[in-house]
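> Give me coordinates for this.
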Amino acid sequence: MIVFRGVFASLVTPFAGGEVDEGSLERLAARCLDGGAAGLVALLAAGTGKAVLAGDDAYLYPMMRLGASGGVTASACLAPGAFAELARAGGERGRELHGALLPLVDALFAEPSPSVLKACLAELGVIDDPAVRAPLRAPRPENVERALKALP
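Numbers count the residues shown, from 1 in each chain. Okay, the predicted model is just below:
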């Protein structure tokens, strides 16, 4: 049986000229894995494992306290080390990390995902183009600024 533990970064798909930007995708995957993510999620498919993974970035810590073995979090693309540490932490340290990461998560999801996340990743040079597919639109600059300021 496959056992999933830790944070699995839910990769956003970077595009350039309407095609998947492979260079940006490689940099994003490397950032997440080098930062401590246990794995990557590019496409979810039905499986036979019985792991419970949290799927809402804001509820990773509470769900793990309730027995989830980890989480699939888009925010881990931006702060993989912090989310990986949160997945390993317990008690007071877990609560501290959870509280510290909530402003980042709130900013990233202030608009339909992944618009703010992609803009932040482009601003940091992880992906080349922050474009999102229709019907999504580019995020408001103030939400991107708020997310970047909230980075741990």
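> And the helices in this structure, which stretches?
22-34, 60-65, 80-88, 91-108, 115-123, 141-149 (DSSP state H).
> which residues pair with residue 41 across the strands?
residue 10 (DSSP bridges).
> rank the helices of the chain by mean pLDDT and give me the bottom one.
Of all the helices of the chain, the minimum mean pLDDT falls on helix 60-65 (a mean of 86).
> How far away from the center of its chain is that helix?
What separates the centre of helix 60-65 from the centre of its chain is 15 Å, taken as Cα atoms, centre = their mean, to the nearest Å.
> Put the alpha carbons of that helix into PDB.
Extracted in PDB, the C-alpha atoms of helix 60-65 (Å, rounded to 0.1, in the frame of the first residue of the first chain):
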ATOM      1  CA  LEU A  60      -3.700  21.800   6.500                       C
ATOM      2  CA  TYR A  61      -2.700  22.000  10.200                       C
ATOM      3  CA  PRO A  62      -6.200  21.400  11.600                       C
ATOM      4  CA  MET A  63      -6.800  18.500   9.300                       C
ATOM      5  CA  MET A  64      -3.400  16.900  10.300                       C
ATOM      6  CA  ARG A  65      -4.300  17.300  13.900                       C
END
